[in-house]
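> Here is my input; please provide its structure:
(one chain, ligands or ions: 3)
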Amino acid sequence: MTNPRQDMTVASLILIIEDDAGLAELMAATLEEQGFTSVCSSSGREALDWLASNTPSLVILDYTLPDMTGSAFIEQMQGLGSPISFIMVTGRDDSSLAVQMMKIGACDYMLKDSAFLDRLPAVVVRALQELETRQRLQYAEQSLRQSETRLARAQKIARLGSWEWNVPTGEIYWSEELYRIFGLTPGEPSAITMEWIFDLVSPSDIAAFKKVMLAAAKNGQPFNIVYRINSLTDGEIVVNSQGEVEFDKAGRVQLVAGTTLDITARIRAESEIQQLINYDNLTGLPNRSMLHDRLRLAIAQAARDQKLVGVLLLDLDRFKGINEALGHRAGDKLLKTVAKRLSACVRESDTLARLGGDEFVAILIGVASEDGITTVAKKILGLIAEPVYIEGHEIYTSGSIGIAVYPMDGDDSHTLLKHADLAMYQAKDLDRNNFQFFSRDMNIKVLERMMLENSMRKALEREEFFLVYQPQVDVRTGQITGMEALLRWQHPDLGLLGPDKFIYLAEETGFIIPLGEWVLRTACRQNKAWQDEGLMPIRVAVNLSAKQFGQQRLDETIAAILLETWLEPQWLEVEITESAIMKNAERNASMLRKLRDMGISLSIDDFGTGYSSLSYLKHFPITRLKIDRSFVRDITTNKDDAAIAEIIIAMAQTLKLQVIAEGVETRAQMEMLSFRDCVEMQGYLFSRPVRAEEIVRLIRDGIKY
Ligand code: C2E
Ligand code: MG
Ligand code: MG
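Ligands and ions are numbered 1, 2, ... in the order given. Coordinates of the predicted model:
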């Protein structure tokens, strides 16, 4: 066996199997002249051995070999695996043999006549060209199949089907996935008509569906519609179809083609979200936000029909006690039972809602007189008073109902609900298990207070409070030196409330103790979180009210909060107003000392508004004086205020206290203060109080003023 030249590529390698060594050599030489490389073999066996580890592009085979026939050789060669093209050469001019050879896959058949060697190169070239074409075709088919599989797979995952509608012929093509979306076996039926599709579309959407299809076919109108279909396997499903139109040269609609996407899951998720937004999880009743929508609708309707709307607000008596005694699970069961009983008292067209906690609202529509409302209220109270059996307990509860009526007691949903709420407090005040219509004679101030107090207690659990933070800046460097935490209340009915709207009430009722503790904990936790995020550590100041400050064990509470939040004491400052300190000066001085010994800084808020004398101040371990914003406000226009500010600053210097000015709104105020050596400031000029997320940006980017 002669070796092929090493530098030739195997791609053009030709195996010559010919027992006549002279002829073989001549063939090889002829081919080499044409740029081919060949390997010669003199027997079938030898050739097969070589083929076991080599793959030539082409085999030229003598039909009569010393050890086997050409057919036998081909059979064994094909048994080796990858198909190899071959040209058969023979000494006999036998047409039946030629046909047989072509049948088993020969590219060509050559007779060893006198012109054999002359023809050989052309035959080989043609065979190789055919081979190449065949390979290309195979490759193209393979990649088409692959991309079709890929497309089908993508469509399956996306639940996306595609379709084509040949408008002139009426022929419709559907992709396999489209059949599946419709719950059908792909390809069945094979002939699809528009009429048949119309039958699948849900009756309520068929008119719209036909309209867009017609518009597409007649006017070439592209479309994008959502409609429901009756899937054979999944019941009603929702799909989105988009169609484009292709025109022929004459501008007539030729093809409408597009996609159909199964959006049932998305629609279902959206409606679940709607459910979560608008309905109460526990009872399935509409929640507060839905209630307002319904009430607005009811009012609009009643205005047209000249009817009344009754708004009944029910609050369960003693619910809190039951919840605490028997646990939340029992409490939840009770609420569910109450919801069920309430449904029995109102009509289908009325709305029943849960406001949260143990408060329910019924909106009665189409009411002609107050008597009708009274009847429902009595029925509700009667049913509520029936015992409830939960986990082996017989529970007795009762309710108080406040009633407001449109249009007498208000003409918008918020006013009506608020008045129903006030009436409810009146009812509670009179006697339990009672109802009360709103009346203008009620002592609204007292009731409003009761209402606010009540909602304030619930607000902590409902997470309606939050803190905003206002930076304190060293104006020489622009550096943020600290932050004041300020309380806000997002009230469900009254909107966003600042501390001046409710802190006084919290103080009067003692609620300031749990609320103040929440503020301390939240501010400390937030401050630690900022540090953990890698921000430069900063002091956060928390306001303490007089009542909080008067607590016996304030120091222990604060120490516990610091431990719990892992905040080091040096990053906490407490602000106490001058007047609060002066209330019980002796005791307060000792508390201040305890706090200072813990490492906390102390700041006197609203300084200048009280009457503390210099000698008094010396008794208190104070870190900082905060010049009240009333002096800052007029510092540039009012000589007295400017003088007071100057005295405070001087006093602070004498006592070696730091000083900060609050409420700085203008550059003029800033310049005036810094000229007098007060360099720390807080106010709108630098930043309004902002949410915790915003603070991160302020610290990173710096403050511009
Ligand atoms: P404060 O401690 O003197 O707080 C400064 C008040 O001035 C804040 O009002 C703040 O928003 C406002 N302010 C800041 N810069 C400017 C400015 O440039 N111009 C003007 N006009 N006002 C400015 P806010 O947040 O309404 O707080 C009012 C008061 O409520 C506070 O006065 C503080 O005494 C009390 N407070 C706030 N949060 C709490 C708290 O968590 N607990 C207690 N006990 N009291 C709090
Ligand atoms: Mg303050
Ligand atoms: Mg202040």
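> Work out for me the element the residue lying closest to L111 once chain neighbours are set aside sits within.
Nearest non-adjacent residue to L111, counting by CB to CB, 6 or more residues apart in numbering: D93, 5.5 Å away. (Each C-beta comes from the backbone N, C-alpha and C, glycine too.) Following DSSP states H and E, one finds D93 outside all helices and strands.
> Report the central residue of the protein.
Note on the chain: the residue nearest the mean C-alpha position is I273, at 11.0 Å, using CA atoms, centre = their mean.
> Please, which helix or strand holds it?
If you go by DSSP H and E, I273 is part of helix 264-278.
> need the next SSE after that helix, C-terminal direction.
Going down the chain from helix 264-278, the next helix or strand is helix 288-305, by DSSP H and E.
> Which strand residues bridge S162?
Taking DSSP bridges as the rule, S162 bridges to T259.
> Please tell me I have it right and L486 contacts V468.
Yes: the pair formed by L486 and V468 meets the contact definition of CB atoms under 8 Å, at 5.2 Å.
> any shared contact partners between these two?
Common contacts of L486 and V468 (CB atoms under 8 Å, 6 or more residues apart in numbering): P689.
> Now do the phi/psi pair for the residue of the stretch 301-450 of the chain at minimum distance from ligand 3.
At 25.3 Å from ligand 3, R449 is the closest residue in the stretch 301-450 of the chain, using CB to the ion. Here is the backbone geometry of R449 (degrees, to the nearest 10): phi -60, psi -50.
> Isn't it up against F502?
No: R449 lies out of contact with F502 (CB under 8 Å); the separation is 10.5 Å.
> Of these two, which one has the most company?
For R449 versus F502, neighbours defined as other CB atoms under 10 Å are more numerous around F502 (23 against 15).
> Show the pLDDT at the more buried one.
Per-residue pLDDT puts F502 at 93.
> what does R587 give?
R587 is assigned 83 on the pLDDT scale.
> What is the subsequent helix or strand relative to the one helix or strand L562 maps to?
In the assignment (DSSP H and E), L562 maps to helix 554-565. Moving toward the C-terminus from helix 554-565, the next helix or strand (DSSP H and E) is strand 572-577.
> And the next helix or strand past that following strand?
Downstream of strand 572-577, the next assigned helix or strand under DSSP H and E is helix 578-583.
> rewinding a little: go through the helix holding L562 and flag the buried ones.
L554, D555, T557, I558, A559, I561, L562, T565 (16 or more other CB atoms under 10 Å).
> any idea how far the second one lies from ligand 3?
This points to D555. Distance check for D555 against ligand 3: by CB to the ion, to the nearest Å, it reads 23 Å.
> contacting residues around that residue?
D555 makes contacts with M591, K594, L595, M598, as judged by CB under 8 Å, 6+ apart.
> out of the residues you listed, which is most surrounded?
In terms of neighbour count, L595 stands highest of those at 23 neighbours, by other CB under 10 Å.
> Shouldn't it be within a helix?
Yes: counting by DSSP: H, G, I helix; E, B strand; the rest coil, one finds L595 located in a helix.
> What sits closest to the residue of the stretch 301-450 of the chain closest to ligand 3 if chain neighbours are left out?
Excluding the flanking residues, the one nearest R449 by CB to CB, 6+ apart is L505, at 6.8 Å.
> For the one you found, the count of nearby residues, please.
Neighbour count for L505, taken as other CB under 10 Å: 14.
> Give me the phi and psi angles of it.
Residue torsions, per degrees, to the nearest 10, at L505 are phi -70, psi -40.
> Pull the contacting residues for it.
Counting by CB under 8 Å, 6+ apart, L505 makes contact with R449, L452, E453, M456, F511.
> Quick check: the residue of the stretch 351-500 of the chain nearest ligand 2.
Going by CB to the ion, ligand 2 is nearest to E484 of the stretch 351-500 of the chain, at 5.5 Å.
> So that residue, which state does it fall into?
E484 is classified as strand under three-state DSSP.
> Need the pLDDT of it.
At E484, pLDDT is 98.
> Specify the beta-bridge partners of it.
Beta-bridge pairing for E484 (DSSP bridges): Q470, A541.
> That one contacts N527, correct?
No: E484 is not in contact with N527 according to CB under 8 Å; the separation is 11.9 Å.
> So for those two, which residues contact both of them?
Any residue near both E484 and N527 by CB under 8 Å, 6+ apart counts here, and that gives V540.
> What lies in contact with stretch 290-308?
Contacts for stretch 290-308 (CB under 8 Å, 6+ apart): 278-279, 286, 309, 311, 351, 353, 355, 361, 363, 365-370, 373, 405-407, 411-414, 416-417.
> Any buried residues in it, and which?
Applying a neighbour-count criterion of 16+ other CB under 10 Å, one finds M290, L291, H292, R294, L295, A298, I299, A302, K307, L308 buried in stretch 290-308.
> Look at the residue located most distally from the centre of the chain and give its secondary structure.
What lies farthest from the middle of the chain is S114; by CA atoms, centre = their mean that is 83.8 Å. Look at S114: counting by three-state DSSP, its state is coil.
> got it, and V632?
Secondary structure for V632, judged by three-state DSSP, is helix.
> residues touching the closest residue to it other than its chain neighbours, list them.
Residue nearest to V632 in three dimensions, not counting chain neighbours: G663, with 4.7 Å by CB to CB, 6+ apart. Each residue near G663 by CB under 8 Å, 6+ apart is listed here: D628, R629, S630, V632, R633, Q682, G683, Y684.
> Check what pLDDT G663 gets.
Reported pLDDT for G663: 96.
> Is E32 located within a helix, as I assumed?
Yes: counting by three-state DSSP, E32 is found in a helix.
> Figure out how far the host helix or strand of M681 is from the centre of its chain.
Element membership for M681, per DSSP H and E: strand 680-682. Centroid displacement of strand 680-682 relative to its chain, using CA atoms, centre = their mean, to the nearest Å, is 39 Å.
> what does the helix or strand following it contact?
For strand 680-682, the succeeding helix or strand toward the C-terminus, using DSSP H and E, is helix 692-701. With contact meaning CB under 8 Å, 6+ apart, helix 692-701 is reached by 467, 469, 471, 480, 483, 526, 529-530, 533, 535-536, 538, 687, 690.
> could those go into a markdown table alongside distance to ligand 1?
A markdown table is the format used below for the contacts of helix 692-701 (distance: CB to the nearest ligand atom, whole Å):
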| residue | distance to ligand 1 |
| --- | --- |
| L467 | 7 |
| Y469 | 10 |
| P471 | 10 |
| I480 | 14 |
| M483 | 12 |
| Q526 | 13 |
| A529 | 18 |
| W530 | 18 |
| E533 | 23 |
| L535 | 22 |
| M536 | 22 |
| I538 | 17 |
| S687 | 9 |
| V690 | 10 |
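> just the buried members of these?
Among those, the ones that count as buried by 16+ other CB under 10 Å are L467, Y469, P471, I480, M483, Q526, W530, I538, S687, V690.
> Report the entries of these that also contact ligand 3.
Checking those against ligand 3 by CB under 5 Å from the ion, not one of them is in range.
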